[in-house]
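Participant: the following block contains a protein sequence and its predicted model.
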Amino acid sequence: MMLQLGRNIPFGIELRHSSTDQSFNYQFDRDSAANMNRPKVGLAATKHVRDVYIEGSDLERLDRIADFEWMEFEETTSWDDSPNTSDSEMQRFRDFAADLDALIVCHGSPRVDTSVLEAAPSLKIVGELEGDRFAQRIDVDACIAKSVRAVDTTHGSSYPVSEWALGLMLLGLRNGAAHYRKLISGEEWGTPEQKDSAPEFQINEELTGKTVGLIGSGYIARRLIELLNPFNVDVLVHDPYAPEVLANSLDFTFTSLDKVLSTPDVVVCLVPLTPRTKGMLGREQIELLRSGSVFVNVSRGAVVDSEALIRRLEQNDMIACLDVFDPEPIPTDSKIRELSNVFLTPHIAGTTMRSRTRFFEEMVSELERHFAGHETRHNLTTSTLANRRGV
């Protein structure tokens, strides 16, 4: 199934469906000479991606600089494996890419390999839209060999994750979980006497002026630092992969993992799950969190030793606000559900509706830079992937 969008054709106009070739075609008149000079951009993805991830306003932006086509694919991919695509589907994919100048892939797409690049001599940029931080749908080495730029906009979900991280920080400092549990239990809660004497009310802190520790300094961390600016906090960051110049530009201090855990009032885990980060916060590291601190995790549950975290929280001298946990969904009999000093959400930080359309919005911006002769911002390279994979 293919959908084509040409110059000056608004999104959402009536389509004519051909039952013989299962293609959609726009009926319009266009100056053919002008059309010949316009680049062609293709999206290979599921119908769900086409329907949910793309706003008409972004298609209009793209239409100012290029012609757009979508072809439906339904390949299965995962974090760890590339699509296992049949020969016939790969040929259909190569045929789709053959006359494109830019190819966008997302859920459902086959892998962009050497054969696809060789079949598409005009192709100069390949982009991953969302959901594949480890480039299972793009052979980055093959792109480099063919001088084809590879980019991804998977960071589109970083904005809501950073917002939710800030929200969890504030909830933790005010002991929100304990108060909420009391209020929904049906007991009277919040009397003047309770506010004076109950231990739950003795934890009621502001974020302003605190020290915040961030484990990781990627897109989420950088956006979170921007959100933290009005709170006048001191920011400590642990990230062995980040360039030193980043600390100067964003005004934070790089430090060791031990220091970023033991010093701050609030510690936020932001690292991706890689072979190196899996279980990186074990019993020894969790014990470094100081009494009275707040621990927030919006990255991946498996970065933290769940049993070690539960044992520490059972001491009831700190608070945790967790959007992620290992395993997920959180088992109904897990001890983590019972602890009054824990606020839980079911991995919702990055799944806003707005984040879905931001992926394509960011990709259109990358294409605008590329076709204008500028450098793209979100390049996929061998070093990028090595950092993400922790190798």
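Facilitator: Everything's here; your move. Worth saying up front: this structure is predicted, and the values here are computed from it rather than measured. Numbering: from 1, shown residues only.

Participant: quick one: Met71 is in a helix?
Facilitator: No. Assigned with DSSP: H, G, I helix; E, B strand; the rest coil, Met71 falls outside any helix and is strand.

Participant: what is the burial count for it?
Facilitator: 21 (other C-beta atoms under 10 Å). Where you see a C-beta, it was placed from the backbone N, CA and C, and this is true even at glycine.

Participant: for it, name its beta-bridge partners.
Facilitator: Met2, Ala44 (DSSP bridges).

Participant: for this structure, what are the low-confidence residue spans?
Facilitator: Scanning the chain for pLDDT under 70 picks out the ranges 1-36, 79, 131-134, 385-391.

Participant: got the domain boundaries for it?
Facilitator: Domain ranges of the chain: 2-152+353-389, 157-344, per automatic domain parsing.

Participant: gap between the two ends of the last one?
Facilitator: With C-alpha to C-alpha, to the nearest Å as the measure, the ends of domain 157-344 fall 20 Å from one another.

Participant: how far out from the middle of the chain is it?
Facilitator: 19 Å (C-alpha atoms, centre = their mean, to the nearest Å).

Participant: and for stretch 60-78?
Facilitator: Distance of stretch 60-78 from the chain centroid (C-alpha atoms, centre = their mean) equals 20 Å.

Participant: kindly report the same for stretch 70-79.
Facilitator: That offset, for stretch 70-79, works out to 19 Å (C-alpha atoms, centre = their mean).

Participant: please apply the same query to stretch 42-52.
Facilitator: From the chain centre to the centre of stretch 42-52 is a distance of 18 Å (C-alpha atoms, centre = their mean).

Participant: now do the same end-to-end measure for that stretch.
Facilitator: 17 Å.

Participant: how about that stretch: buried residues?
Facilitator: Residues 42-46, 49-50 are the ones in stretch 42-52 that count as buried (16 or more other C-beta atoms under 10 Å).

Participant: next one: stretch 75-95
Facilitator: 75, 77, 82-83, 85, 90, 92-94.

Participant: and for stretch 185-202?
Facilitator: Buried residues in stretch 185-202, counted by 16+ other C-beta under 10 Å: 189, 200.

Participant: so which residues make contact with it?
Facilitator: 175, 178-179, 182-183, 340 (C-beta atoms under 8 Å, 6 or more residues apart in numbering).

Participant: on that earlier part again, so which of the buried residues of stretch 75-95 are in helices?
Facilitator: 90, 92-94 (DSSP state H).

Participant: how about a markdown table for the residues you listed, with distance to Gly279 added?
Facilitator: Converted to a markdown table, these look like this (distance: C-beta to C-beta, whole Å):
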| residue | distance to Gly279 |
| --- | --- |
| Met90 | 38 |
| Arg92 | 42 |
| Phe93 | 38 |
| Arg94 | 41 |
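
Participant: closest to Leu166 out of these?
Facilitator: Phe93 (41.1 Å; C-beta to C-beta).

Participant: ok, the nearest residue to Leu313 once chain neighbours are set aside - contacts?
Facilitator: Once flanking residues are discounted, Leu313 sits nearest to Leu339: 5.3 Å by C-beta to C-beta, 6 or more residues apart in numbering. By C-beta under 8 Å, 6+ apart, the contact set of Leu339 is 310, 313-314.

Participant: mind checking the backbone torsions on the nearest residue to Glu55 once chain neighbours are set aside?
Facilitator: In this structure, Glu55 finds its nearest non-sequential neighbour in Thr357, 4.7 Å apart by C-beta to C-beta, 6+ apart. Backbone torsions of Thr357, given as degrees, to the nearest 10, read phi -80, psi -20.

Participant: rewinding a little: pick the one among the buried residues of stretch 42-52 closest to Val294.
Facilitator: For these, the nearest to Val294 is Val49 (36.7 Å; C-beta to C-beta).

Participant: tell me which helix or strand the closest one sits in.
Facilitator: helix 47-52 (DSSP states H and E).

Participant: buried ones in the helix or strand just after that helix, by neighbour count?
Facilitator: With elements assigned by DSSP H and E, the helix or strand that comes after helix 47-52 is helix 56-63. Within helix 56-63, the residues scored as buried using 16+ other C-beta under 10 Å are 58-59, 61-63.
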